[in-house]
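Chemist: Here is a sequence together with a model predicted from it:
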Amino acid sequence: MTQRLFDEVIGTVPAPALDVHAIVRRQRRARRVRRILGGGAGALALAGALALGSALVGVHPDGVDPQPAATPSRVVPTDGFALQLGTRDQRQATADRLGAELDRAMRAQASGVGWIFEPDYLGEPMGPDGRQPVFTVEESGGENWIQASSGVARGSGKGSLQVNISSALCRSPGSTQPPQSSFAEVVPCDPPMICEGRLPCTAGTTPGGLPFTLVEQRETFENHPMVMFSAAVRLDSGLRLTLVVSADWGVDTSSVYAAEPPLTSAQALAVAATIADKIIS
């Protein structure tokens with residue numbers, strides 16, 4: 001990625017008087033996106049935008065292309081919730097609910113994987129393990145970026161997990177508005193949930209009837225092996241819920257790399273689908 005593109009993803013660094021932790025989150029998010037961009041066109045489309053086995057229409061763990069299947073209608077859960085972002089209290093309530101749903105989905109779909117502390121910057125004091133990620137809602141250009149990230153571990157193997165929901169990284173055809181980031185120059189709003197590019201990819205439908213894609217990326221990044229699973233689900237509102245789990249943990253020169261992420265690709269898909277199916281608008 002060029003320095004210009006990297007700078008545009010991060011955005012203009014705010015004045016020091018603003019929330020330093022918010023700046024750190026933006027920088028860390030940009031590093032994750034840079035790794036996804038390295039995967040090619042299929043991963044780039046995913047950036048513009050989750051083991052359930054046969055319950056996920058179109059998923060075949062043996063890697064064989066699935067046969068056409070009837071798309072189930074949307075199943076509205078009785079315990080579903082809406083992403084309410086109008087007021088500060090609503091945004092906080094939404095963030096709290098998403099955090100609880102992510103923790104619940106991890107316990108149900110990725111047994112044996114636990115939350116661990118992951119520093120946001122070099123020299124940050126280590127914090128306690130076992131705390132579920134805290135979602136934040138950031139506003140930019142009239143759009144809301146909802147995201148959470150955490151370290152994850154299975155045994156001695158560490159990795160990173162990030163979930164985000166956003167509508168800001170796209171531009172409608174013919175729009176004269178400046179893009180919120182460089183992604184908007186190349187990614188259209190509401191692209192179809194299909195597999196594109198050279199990376200292994202599966203497209204299908206969640207048990208709740210929402211379309212998803214699952215991309216597996218195995219590359220070399222800065223002389224280190226990079227293994228990353230990226231799952232995206234299109235919500236009823238058209239927003240994308242994206243979950244990314246990678247086999248690296250830490251910051252920059254302090255990062256450690258594992259052979260595989262703590263979650264399998266099927267588990268990443270199951271966690272994301274479990275959360276997305278509960279979001280009703």
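Modeler: The structure has been received and is ready for your questions.
Chemist: Going by C-alpha atoms from here, please, whenever you check contacts or count neighbours.
Modeler: Fine.
Chemist: ranges for the helices of the chain?
Modeler: Counting by DSSP state H, the segments of the chain that form helices are 3-10, 20-37, 41-48, 88-109, 265-276.
Chemist: Test my guess that Ala273 contacts Val233.
Modeler: Yes. With contacts counted by CA atoms under 8 Å, Ala273 reaches Val233, the gap being 6.9 Å.
Chemist: Where does the prediction get shaky in the chain?
Modeler: For the chain, the stretches with pLDDT under 70 are 1-72, 140-143, 167-191, 253-254.
Chemist: Which residue ranges of it form strands?
Modeler: Assigned by DSSP state E, the strands in the chain fall at 114-116, 136-140, 143-154, 157-166, 201-205, 211-221, 224-234, 240-246, 248-249, 256-257.
Chemist: what sits against Trp154?
Modeler: I think there's a mix-up here, since residue 154 is Arg and not Trp. The contact partners of Arg154, by CA atoms under 8 Å, 6 or more residues apart in numbering, come to Gly112, Val113, Gly114, Pro262, Leu263.
Chemist: repeat that with 6 Å
Modeler: If a contact means CA atoms under 6 Å, 6 or more residues apart in numbering, then Arg154 has Val113, Pro262 as its contacts.
Chemist: Now for the residue lying closest to Leu102 once chain neighbours are set aside, how many residues are close by?
Modeler: Residue nearest to Leu102 in three dimensions, not counting chain neighbours: Ile275, with 6.5 Å by CA to CA, 6 or more residues apart in numbering. By other CA atoms under 10 Å, 22 other residues sit near Ile275.
Chemist: measure the residue lying closest to Ser230 once chain neighbours are set aside to Leu263 for me?
Modeler: Leaving aside its sequence neighbours, Ser230 sits nearest to Val244 (CA to CA, 6+ apart; 4.5 Å). Distance of Val244 to Leu263, computed by CA to CA, to the nearest Å: 10 Å.
Chemist: One more: Asp96?
Modeler: Taken as CA to CA, the span from Asp96 to Leu263 is 23 Å.
Chemist: got it, and Ser150?
Modeler: For Ser150, the distance to Leu263 - CA to CA - is 13 Å.
Chemist: Looking at the two, which one has more neighbours?
Modeler: More neighbours surround Leu263 than the other of Ser150 and Leu263, with 28 against 22 (other CA under 10 Å).
Chemist: Quickly note the distance from that one to Asn223.
Modeler: Distance, Leu263 to Asn223, by CA to CA: 23 Å.
Chemist: again, but for Ser150
Modeler: From Ser150 to Asn223 the distance is 24 Å (CA to CA).
Chemist: Tell me the bridge partners for Thr81.
Modeler: One correction, residue 81 is Phe, not Thr. Ile279 (DSSP bridges).
Chemist: got it, and Asn164?
Modeler: As for beta bridges, Asn164 partners with Gln147, Thr242 under DSSP bridges.
Chemist: my read: it touches Trp145, true?
Modeler: No. Contact criterion CA atoms under 6 Å: Asn164 and Trp145 do not qualify, at 7.1 Å.
Chemist: who has more neighbours, these two?
Modeler: Legend: neighbour count by other CA under 10 Å for Asn164 and Trp145, higher for Asn164 (20 against 16).
Chemist: quick one: contacts for the more buried one?
Modeler: Neighbours of Asn164 in contact, by CA under 6 Å, 6+ apart: Ile146, Gln147, Leu241, Thr242.
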